[in-house]
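Peer 1: turn this into a structure:
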Amino acid sequence: MGIILIILILVFAIIGIPIAFSLGISSLVTIIAEGYPLVVVPQKLFGGIDSFPLLAIPFFILSGELMNGGGLNKRIIRVANAFLGDIPGSLPIITIVASAFFAAISGSAVATVAAIGGITIPAMIKQGYPDHYAAGVASSASIVGPIIPPSITLIVYGSSLQLSISSLFLASAVPGIFMTFAFILIAVYQARKNNYPREGKVSFAEKVAAVKDGFWALMMPVIILGGIFSGTFTPTEAAVVSVVYAFIIGLFVYKGFTFKDLPKILGEAAVSASTIMLILATSKILAWVITVINLPTMVANAILGITDNAFLILMLINIILLIVGCLMEANAAVIILIPILVPIVTQLGMSPITFGVLMTVNLCLGLLTPPVGICLLLGSQMAGSKFEKAVISMLPYFAVGLITLMLTTFVPAITLWLPGLM
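Peer 2: Okay, here's the model as predicted:
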């Protein structure tokens with residue numbers, strides 16, 4: 001039955017059925033075939049999203065929409081341009097830095113490429129960058145969204161295992177910052193090699209004006225992350241604070257939207273949030289089915305039957321996650337794979353905190369890789385670029401992601417020293 005379940009999920013995904021329905025239908029078929037009572041379905045659907053930590057997801061998404069509508073993103077980009085505009089490859093670097101700042105609020109890669117890439121991709125193309133390069137940079141920069149805290153994927157992981165989400169956020173900070181700086185170095189190297197244009201020097205007065213104008217936008221990640229890590233409020237409370245802050249600054253300070261625009265902003269946030277929550281609900285049913293048919297034990301025995309070498313097992317798990325990330329939405333994959341893989345890695349001595357970051361980095365890389373590669377697909381569409389050319393432009397950044405993944409996997413101190421210090 002476990003094999004049939006996996007085949008059903010893969011077939012549904014390949015033929016294009018939305019992932020939430022793919023998971024739900026596959027689970028329902030298995031429940032009926034195994035003779036379990038159908039009352040389990042609504043119980044698990046509701047139970048899958050009846051969680052206080054998961055409330056952070058719709059609030060962070062709404063906060064991102066308010067930032068975009070309120071003009072906070074444009075001001076972050078202006079500040080980045082003021083200080084980085086005279087560096088070779090300034091616009092790609094600005095895209096990377098702005099994506100990191102926006103990621104520190106939204107926690108979503110797709111939201112990041114839409115919000116930041118929507119501004120910087122046309123600007124790069126207008127300045128003379130190849131369209132496929134603009135798509136590759138903006139899409140690659142967006143994947144730091146679920147890695148740099150706060151992260152929706154880590155919220156899902158932590159709430160499923162009852163782990164400290166603040167500890168997970170601290171654990172993911174170093175890999176996320178490492179990727180951001182490595183991306184910047186790649187952008188500078190490519191700009192010098194290909195003689196890409198730069199924005200030009202900005203006077204000190206213009207820098208001061210940019211910082212003054214963007215001060216309230218720059219303070220947002222400081223308040224949110226500072227509040228979480230200082231223990232002033234929980235990640236869920238931080239999400240609510242981010243909504244209130246973005247609303248006040250966007251409406252009354254920057255005046256980027258009016259009360260008339262709120263229904264549209266709320267509607268877009270509701271669609272994005274409900275899509276994720278539906279996936280989480282149906283994936284919770286699947287996670288229950290996987291557990292009751294004893295699939296985790298069978299998979300664990302199969303993996304451990306291949307080898308008892310910890311290095312090879314971890315490499316095999318990474319390969320499995322990379323493949324899953326190419327095919328499935330990250331948050332659903334986390335819930336489905338937790339009962340299968342966490343017992344294996346804990347048996348090998350890996351901390352669940354480290355494994356949460358490992359899963360997140362792994363599944364984020366899947367956002368760039370075919371056949372799904374939703375972030376790269378969205379970026380190439382916005383740039384009007386051929387998808388296959390955007391894939392080639394993305395590869396150097398993908399290589400950095402793989403290096404980060406290997407460091408996370410085999411150097412536990414990278415993820416554990418900061419939570420231990422705090």
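Peer 1: just the endpoints, please. Distance across stretch 37-53?
Peer 2: Taking Cα to Cα, to the nearest Å, the first and last residues of stretch 37-53 lie 29 Å apart.
Peer 1: contact partners of stretch 34-41?
Peer 2: Identification of contacts with stretch 34-41 by Cβ atoms under 8 Å, 6 or more residues apart in numbering yields 1, 27, 28, 31, 32, 285, 288, 292, 293. Using the backbone N, CA and C atoms, a C-beta is placed for each residue, glycine as well.
Peer 1: show the buried residues in the residues you listed.
Peer 2: Using 16 or more other Cβ atoms under 10 Å as the burial test, the contacts of stretch 34-41 include 27, 28, 31, 285, 288, 293 as buried.
Peer 1: farthest pair in these?
Peer 2: The largest separation in the buried ones among the contacts of stretch 34-41, counting by Cβ to Cβ, is between 28 and 293 at 13.8 Å.
Peer 1: ok, back up a step: which one of the contacts of stretch 34-41 is nearest to residue 82?
Peer 2: Nearest to residue 82 among the contacts of stretch 34-41: residue 285, at 49.9 Å, using Cβ to Cβ.
Peer 1: what about the strands in the stretch 1-150 of the chain?
Peer 2: Counting by DSSP state E, counting those that start in this stretch, the stretch 1-150 of the chain has no strands at all.
Peer 1: quick check, residue 370 in contact with residue 326.
Peer 2: Yes - look at residue 370 against residue 326 with Cβ atoms under 8 Å: they come within range, at 6.9 Å.
Peer 1: ok, the two, which is more surrounded?
Peer 2: residue 326 (17 against 12; other Cβ atoms under 10 Å).
Peer 1: give me the element residue 214 is part of.
Peer 2: Under the criterion of DSSP states H and E, residue 214 resides in helix 204-229.
Peer 1: mind giving me the packing neighbours of that helix?
Peer 2: helix 72-84, helix 90-106, helix 165-194, helix 235-248 (3 or more Cβ pairs under 8 Å, 6 or more residues apart in numbering; DSSP states H and E).
Peer 1: could I get those helices in a markdown table, plus columns for mean pLDDT, distance to residue 8 and mean neighbour count?
Peer 2: Output for those, formatted as a markdown table (pLDDT from 0 to 100; distance: least, Cβ to Cβ, whole Å; neighbours: other Cβ atoms under 10 Å):
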| stretch | mean pLDDT | distance to residue 8 | mean neighbour count |
| --- | --- | --- | --- |
| helix 72-84 | 82 | 40 | 23 |
| helix 90-106 | 80 | 33 | 28 |
| helix 165-194 | 91 | 31 | 20 |
| helix 235-248 | 89 | 34 | 21 |
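Peer 1: right, and those helices - which one's nearest residue 333?
Peer 2: So among these, helix 165-194 is nearest, using Cβ to Cβ, at 16.4 Å.
Peer 1: what angle do that closest one and helix 204-229 make?
Peer 2: When axes from the mean of the first three to the mean of the last three Cα atoms, to 10 degrees is applied, the directions of helix 165-194 and helix 204-229 differ by 150 degrees.
Peer 1: tell me how far stretch 172-180 is from the chain's mean position?
Peer 2: Centroid displacement of stretch 172-180 relative to its chain, using Cα atoms, centre = their mean, to the nearest Å, is 13 Å.
Peer 1: list of residues touching it?
Peer 2: 96-97, 100, 103, 143-144, 147-149, 151, 154, 356-357, 360-361, 400-401, 404, 407-408, 414-415, 417-418.
Peer 1: now, the residues you listed that are in helices?
Peer 2: Cross-referencing the contacts of stretch 172-180 against helices under DSSP state H gives 96-97, 100, 103, 154, 356-357, 360-361, 400-401, 404, 407-408, 414-415, 417-418.
Peer 1: quick check, residue 414 in contact with residue 403.
Peer 2: No - under the criterion of Cβ under 8 Å, residue 414 makes no contact with residue 403, lying 11.6 Å away.
Peer 1: neighbour count for those two, which is higher?
Peer 2: residue 414 (18 against 13).
Peer 1: contact partners for the more buried one?
Peer 2: With contact taken as Cβ under 8 Å, 6+ apart, residue 414 is in contact with 174, 175, 407, 408.
Peer 1: in the stretch 1-150 of the chain, where is pLDDT below threshold?
Peer 2: The stretch 1-150 of the chain contains residues with pLDDT under 70 at 103-107.
Peer 1: quick one: the helices in it, in order.
Peer 2: Along the stretch 1-150 of the chain, counting by DSSP state H, counting those that start in this stretch, helices occupy 2-14, 19-34, 40-49, 56-70, 72-84, 90-106, 109-115, 117-127, 131-142.
Peer 1: and those helices: which comes nearest residue 259?
Peer 2: Nearest of these (Cβ to Cβ): helix 56-70, 11.9 Å.
Peer 1: so which elements touch the closest one?
Peer 2: Looks like helix 56-70 contacts helix 90-106, helix 109-115, helix 152-161, helix 235-248, helix 262-292 (3+ Cβ pairs under 8 Å, 6+ apart).
Peer 1: out of those, nearest to residue 388?
Peer 2: helix 109-115 (18.2 Å).
Peer 1: ok, the residue positioned nearest the centre of the chain - contacts?
Peer 2: Among the residues of the chain, residue 146 comes closest to the average C-alpha position under Cα atoms, centre = their mean, at 2.5 Å. Contacts here follow Cβ under 8 Å, 6+ apart; on that basis residue 146 touches 103, 107, 108, 109, 152, 153, 154, 330, 360, 363, 364.
Peer 1: Produce a ChimeraX select command limited to the buried residues of those.
Peer 2: Restricted to buried positions by 16+ other Cβ under 10 Å, the ChimeraX selection for the contacts of residue 146 reads:
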select :103,107,108,109,152,153,154,330,360,363,364
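Peer 1: check which helix or strand the closest residue to residue 387 other than its chain neighbours maps to.
Peer 2: In this structure, residue 387 finds its nearest non-sequential neighbour in residue 380, 4.9 Å apart by Cβ to Cβ, 6 or more residues apart in numbering. Under the criterion of DSSP H and E, residue 380 resides in helix 374-383.
Peer 1: CA atoms only for that helix, dumped as PDB, please.
Peer 2: The C-alpha trace of helix 374-383 is given here as PDB (Å, rounded to 0.1, in the frame of the first residue of the first chain):
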ATOM      1  CA  ILE A 374       8.500  27.500  -9.100                       C
ATOM      2  CA  CYS A 375      10.800  30.500  -8.200                       C
ATOM      3  CA  LEU A 376      12.900  30.200 -11.300                       C
ATOM      4  CA  LEU A 377       9.700  29.700 -13.400                       C
ATOM      5  CA  LEU A 378       8.200  32.800 -12.000                       C
ATOM      6  CA  GLY A 379      11.400  34.800 -12.400                       C
ATOM      7  CA  SER A 380      11.800  33.700 -16.000                       C
ATOM      8  CA  GLN A 381       8.200  34.700 -16.800                       C
ATOM      9  CA  MET A 382       8.700  38.100 -15.300                       C
ATOM     10  CA  ALA A 383      11.900  38.600 -17.300                       C
END
